[in-house]
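# A predicted structure for the sequence below; I have some questions about it.
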Amino acid sequence: MSIILGIDTSCDDTAAAIVENDKKVLSNIVSNQTGIHKKYGGIVPELASRRHIEMVWPVVDEALKAASIELVDLFGVAICHGPGLIGSLLVGCSFAKAICYSRGIPLVAVNHLEGHIFSSFLEEPRPSFPFLALIVSGGHTCLYRVDGFGRYRELGRTRDDAAGEAYDKVSKLLGLGYPGGPLIEKFAQDGNPRAIDFPRAYLPESFDFSFSGLKTAVLNFVKKSVSSQQSNPPLPPFNSPLSKGGHRGVKGGHGWITNSELSTLNSKLIEDIAASFQASIIDVLARKTEWAIKKEGVKRVVLIGGVAANNELRKRIREMGDERKAEIFIPSTSLCTDNAAMIAAAGYHHLEAGDIAGLDLNPKAYMML
Ligand code: KG4
Ligand code: ZN
């Protein structure tokens with residue numbers, strides 16, 4: 001039995017978890033920085049790394065206490081060493097190295113994307129190899145064929161924006177707030193997904209994705225609507241039932257459309273834009289995954305990453321799986337978004353393989369799986 005401490009500080013969440021082997025989560029603590037970055041409409045890297053410095057020990061301490069584990073009980077430490085924000089990664093890596101050096105225990109280096117893949121091992125039923133992994137997050141959108149630990153073949157990736165990035169940018173341009181994914185999902189619930197025919201970039205003969213054209217199409221649609229909606233009644237004020245916890249009318253200033261222009265759009269239109277935008281993203285993700293099942297002849301799909309927390313996407317991938325008679329594995333939302341349990345789970349396999357990192361380990365902002 002191996003008790004592993006996982007740590008992830010790759011972006012704006014300080015995360016630590018204690019996991020037994022690659023399956024039993026004893027604790028999983030995430031301290032998010034949304035409150036710090038919200039007012040800037042996106043992550044400010046320098047602020048993120050400073051916050052990690054403040055939070056990394058309290059979060060690790062909380063993970064140990066919640067699991068009733070002492071540092072002496074640890075078999076090893078798994079650290080996410082990239083890809084991600086370099087300043088943020090440095091904090092976690094330095095901290096993990098210090099624990100390993102002081103306790104004389106092994107350090108293992110885990111690629112963040114590999115971590116997302118192994119989040120699917122933390123709940124029953126677990127997928128068996130081979131399987132397809134659709135990773136949809138704020139930094140990545142890619143499709144892998146996974147034949148075993150360390151045997152990952154990339155089938156496709158985004159050529160521009162990641163799906164989560166598109167959610168965040170569209171939310172910002174609609175003045176809804178940050179992070180955009182959950183807010184767009186909320187507004188989309190009452191919208192008509194067929195109201196606006198936004199483009200779907202299927203990129204034939206390729207498993208690559210592209211979402212930047214969709215974002216531009218939303219921007220152009222909003223600009224056009226703003227000029228034709230001037231006579232419509234203004235939005236209800238913030239905190240009214242229709243505001244749904246977003247920040248409409250409070251924050252804006254992204255330079256494309258002013259707040260007063262945005263306030264001329266009625267709430268129903270915003271809901272329809274959110275629903276139609278979401279439908280376009282989900283159609284492309286589901287269709288590409290369906291093609292991959294056919295082409296690779298693999299009837300097992302794992303859906304992971306922050307965007308996999310989206311209920312419509314989860315539902316759609318499950319429906320597609322039923323039609324194709326494919327098994328679908330989607331972890332609970334707390335394991336889809338960034339967490340350190342997934343890093344520990346992948347780290348277990350590195351430890352088993354004897355793939356130990358040196359204390360001269362350097363994080364990398366960009367790295368392939
Ligand atoms: O995996 P993750 O937590 O961090 C990265 O590795 O990027 O993913 C964060 C992304 C953000 O872009 C966020 O807007 C998106 O996941 N996200 C969602 C939802 N919850 C988070 N996107 C759509 N619907 C959601 N419910
Ligand atoms: Zn992630």
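Structure's in. What do you need? Numbering: from 1, shown residues only. Ligands and ions are numbered 1, 2, ... in the order given.
# use CA for all of it now, contacts and neighbours both
Noted.
# hey, C-alpha coordinates of the helix or strand where residue 320 lies in PDB?
Using DSSP states H and E, the element containing residue 320 is helix 311-324. Below are the C-alpha coordinates for helix 311-324, written out as PDB (Å, rounded to 0.1, in the frame of the first residue of the first chain):
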ATOM      1  CA  ASN A 311     -23.900  19.100 -17.300                       C
ATOM      2  CA  GLU A 312     -25.000  19.400 -20.900                       C
ATOM      3  CA  LEU A 313     -21.700  18.100 -22.100                       C
ATOM      4  CA  ARG A 314     -21.800  15.200 -19.700                       C
ATOM      5  CA  LYS A 315     -25.300  14.300 -20.800                       C
ATOM      6  CA  ARG A 316     -24.500  14.600 -24.500                       C
ATOM      7  CA  ILE A 317     -21.300  12.400 -24.300                       C
ATOM      8  CA  ARG A 318     -23.300   9.800 -22.300                       C
ATOM      9  CA  GLU A 319     -26.100   9.800 -25.000                       C
ATOM     10  CA  MET A 320     -23.500   9.500 -27.800                       C
ATOM     11  CA  GLY A 321     -22.000   6.500 -25.800                       C
ATOM     12  CA  ASP A 322     -25.400   4.800 -25.600                       C
ATOM     13  CA  GLU A 323     -25.900   5.200 -29.300                       C
ATOM     14  CA  ARG A 324     -22.400   3.900 -30.200                       C
END
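# helices or strands up against the next helix or strand after it?
Counting by DSSP H and E, the next helix or strand C-terminal to helix 311-324 is strand 327-329. If you count contacts as 3 or more CA pairs under 8 Å, 6 or more residues apart in numbering; DSSP states H and E, strand 327-329 packs onto strand 300-304, helix 311-324.
# what's the following helix or strand after strand 327-329?
Next along from strand 327-329, by DSSP H and E: helix 333-336.
# ok, which of the helices and strands packed on strand 327-329 comes nearest ligand 1?
helix 311-324 (6.6 Å; CA to the nearest ligand atom).
# what sits up against the closest one?
282, 286, 290, 299, 303, 308, 327-328, 330 (CA atoms under 8 Å, 6 or more residues apart in numbering).
# list the buried ones in that helix?
312-314, 317-318, 320-321 (16 or more other CA atoms under 10 Å).
# so, low pLDDT: which residues of the chain?
229-256 (pLDDT under 70).
# looking at it, which helix is longest?
As assigned by DSSP state H, the longest helix anywhere in the chain is helix 267-296.
# is ligand 1 contacted by that helix?
No. Applying CA under 6 Å from any ligand atom, one finds helix 267-296 out of contact with ligand 1, separated by at least 8.3 Å.
# packing partners of that helix?
Partner elements for helix 267-296 (3+ CA pairs under 8 Å, 6+ apart): strand 131-136, helix 180-188, helix 212-228, helix 311-324.
# and which of the contacts of helix 311-324 is nearest ligand 1?
residue 308 (6.8 Å).
# how close does the closest one get to residue 101?
36 Å (CA to CA, to the nearest Å).
# so between the two, which is more surrounded?
With neighbours defined as other CA atoms under 10 Å, residue 308 and residue 101 compare such that residue 308 has more, 25 against 13.
# spatially nearest residue to the more buried one (excluding sequence neighbours)?
Using CA to CA, 6 or more residues apart in numbering and skipping the chain neighbours, the partner closest in space to residue 308 is residue 336 (6.0 Å).
# show me where the stretch 51-200 of the chain has helices.
86-103, 112-118, 163-173, 180-188 (DSSP state H, counting those that start in this stretch).
# that older thread, got the angle for the longest helix of the chain vs helix 163-173?
Put simply, helix 267-296 runs at 170 degrees to helix 163-173, going by axes from the mean of the first three to the mean of the last three CA atoms, to 10 degrees.
# sorry, back to before: for the residue nearest to residue 308, what are its contacts?
For residue 336, the contacting residues are 116, 119, 304-309, 330, by CA under 8 Å, 6+ apart.
# ok, and does stretch 197-213 reach over to ligand 1?
No. Applying CA under 6 Å from any ligand atom, one finds stretch 197-213 separated from ligand 1 by no less than 12.8 Å.
# what about the residue nearest to residue 214 when sequence neighbours are not counted, how many neighbours?
Spatially, and ignoring its direct neighbours in sequence, residue 214 is nearest to residue 199 (5.9 Å; CA to CA, 6+ apart). The number of residues packed near residue 199 is 18, by other CA under 10 Å.
# no more questions from me, cheers.
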